[in-house]
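A.B. asks: here is a sequence with its predicted model. Questions after.
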Amino acid sequence: MRIQRYIAKDMRSALAQVRDAMGPEAVILSSGTVGDQVEVVAAIDVEIAQEHAAPRGAPQVTQPEHLVPVRRASSQLSDALVPASAPVAAAAAAKAPAREAQAAQHSELANEVKDMRRMLEAQLATLAWNDMSRRSPLQAAMLKELAQLGITQDLSASLARKIPADLSFSAARRFALATIARTVQVTGDRWLETGGRIAFAGPAGAGKTTLLAKLAARWVLRHGPRRVALVSADAVRIGAHEQMHMLGRLLGVTAHTVYDVAELPELLDALSGQQLVLIDTAGASPRDPELARRLQLLSQAETRIETSLVIPASIQSGAIEELMKLFAVARPSSCVITKVDEAVSLGGVLSTLVRHKLPVAYISDGQRVPEDLHPARAHTLVSRAVEIASRSGATADDEVMQRRISGVTHGHR
């Protein structure tokens, strides 16, 4: 495929240049203006160009219908740009239909150009992947391995570039996984060791209340029921306040309720003698008109409250990225990964943790209280990602890799 750029004073002259240089089988990829001139980008298959230049009697190549040859584009543009000779009254009467026809022609051309661009991207991605597999088989193999783990394309490419070329595949794999583990930050078990005031924020159904119950139960088992308090700031979910008070009675600890996040500072003054205060906030929906205000209030109280983002591992990496953007206004200083037992891949979680450098405090992988809660360990999280990918039978064939390289992925990148 040969691609060339032409600049002329008008579209007719530009198309003439394309026809003279490449022949009538050239395909228009795009057109635009550069200053007061017209720019046209055209392409032609090398084999078609050679057969076009072949002597008379040589076999002819049939042009696929979805391409936009110069002769057809020239005819369409001429029809659209050159007005027919007609009386003024007839031209005025036909003005609206002519405009609609012109718009339809332009739309058709635009769609064909988009189809051509997608086809070229797919072809270039195939060539790029085949070339990488031939020239750098270790790098290609590692990109496949990381894709199977669900690691995003940008992080996979960055890791593959760092791998020394003289390593074996197993050594390169260990190198990549170790690099991810070194990059993931963790907080350790400090909440249950030294206490704090932690507000858990996250989407509805992320497991915030269950997480709070596990942490409170762990504290009671380790330190007793004194100097710990539970707070429900969830006035959205039906029965949330009653559930928190029931949990407090089961554990023998005090439980409190507020009906708005704005009431938290006053309540925290009353709980100044408590070493650990766990705050359950309302599950958020992106369409909740009150979400931005509640998150803003949490961010304003960050000197007294640590906001921890609860991320369910069961959602896709694209949804995790949206979650990070949505809750960024609350300025979370840590996160907790929940529902690990329901995840089909942890690659999206790992990619997000590396990209945003958000420390992980705990990992929750079940409903049992308090057993299914573990202080986050980076190497354990990476090992769990490998285990889940192996158990789910995740694969990445050449077609998947070509789509990742071209950026045309289904689901996440």
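C.D. replies: Okay, I see it.
A.B. asks: residues in contact with the closest residue to A389 other than its chain neighbours?
C.D. replies: Leaving aside its sequence neighbours, A389 sits nearest to L149 (Cβ to Cβ, 6 or more residues apart in numbering; 5.0 Å). C-beta: built from backbone N, CA, C; applies to glycine. Contacts for L149 (Cβ atoms under 8 Å, 6 or more residues apart in numbering) come out as S345, L346, G347, L350, A385, V386, A389, A394.
A.B. asks: which element is the first one on?
C.D. replies: Following DSSP states H and E, there is no helix or strand that holds S345.
A.B. asks: that one and S390 touch, don't they?
C.D. replies: No - with contact defined as Cβ atoms under 8 Å, S345 does not reach S390; the gap is 11.1 Å.
A.B. asks: and the strands in the stretch 251-400 of the chain?
C.D. replies: Taking DSSP state E, counting those that start in this stretch, the strands of the stretch 251-400 of the chain run over residues 254-257, 276-281, 306-312, 334-338, 360-364, 373-375.
A.B. asks: do the same with the stretch 1-150 of the chain
C.D. replies: Going by DSSP E, counting those that start in this stretch, the stretch 1-150 of the chain shows strands at 2-8, 27-34, 37-44.
A.B. asks: now those as TSV including distance to H379, mean neighbour count and mean pLDDT?
C.D. replies: Below are those laid out as TSV (distance: least, Cβ to Cβ, whole Å; neighbours: other Cβ atoms under 10 Å; pLDDT from 0 to 100):
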stretch	distance to H379	mean neighbour count	mean pLDDT
strand 2-8	47	14	82
strand 27-34	48	16	75
strand 37-44	49	19	81
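A.B. asks: quick one: closest of those strands to L295.
C.D. replies: Distance to L295, taken as Cβ to Cβ, is lowest for strand 27-34 among the strands of the stretch 1-150 of the chain, at 42.2 Å.
A.B. asks: from L350, how far off is the residue positioned nearest the centre of the chain?
C.D. replies: The structure's the chain has its C-alpha centroid closest to G318; by Cα atoms, centre = their mean the separation is 3.7 Å. From G318 across to L350, the span is 14 Å (Cβ to Cβ, to the nearest Å).
A.B. asks: pLDDT score for Q275?
C.D. replies: Listed pLDDT for Q275 reads 92.
A.B. asks: just the helices from the stretch 1-150 of the chain, written as ranges.
C.D. replies: 11-22, 46-52, 70-81, 88-93, 95-135, 137-149 (DSSP state H, counting those that start in this stretch).
A.B. asks: what's the least confident stretch among these?
C.D. replies: helix 70-81 - the lowest mean pLDDT of the helices of the stretch 1-150 of the chain, at a mean of 48.
A.B. asks: so which one among the contacts of L149 has the lowest pLDDT?
C.D. replies: A394 (70).
A.B. asks: ok, P312 touching A204?
C.D. replies: No - judged on Cβ under 8 Å, P312 makes no contact with A204 at a distance of 10.2 Å.
A.B. asks: tell me how many other residues surround A216.
C.D. replies: 26 (other Cβ atoms under 10 Å).
A.B. asks: ok, and the closest non-adjacent residue to R190?
C.D. replies: G196 (7.4 Å).
A.B. asks: mind checking how far the one you found is from R226?
C.D. replies: 16 Å.
A.B. asks: now do A14
C.D. replies: 82 Å.
A.B. asks: in terms of neighbours, single out the busier of these two.
C.D. replies: Neighbour count, other Cβ under 10 Å: between A14 and R226, A14 has more, with 24 against 13.
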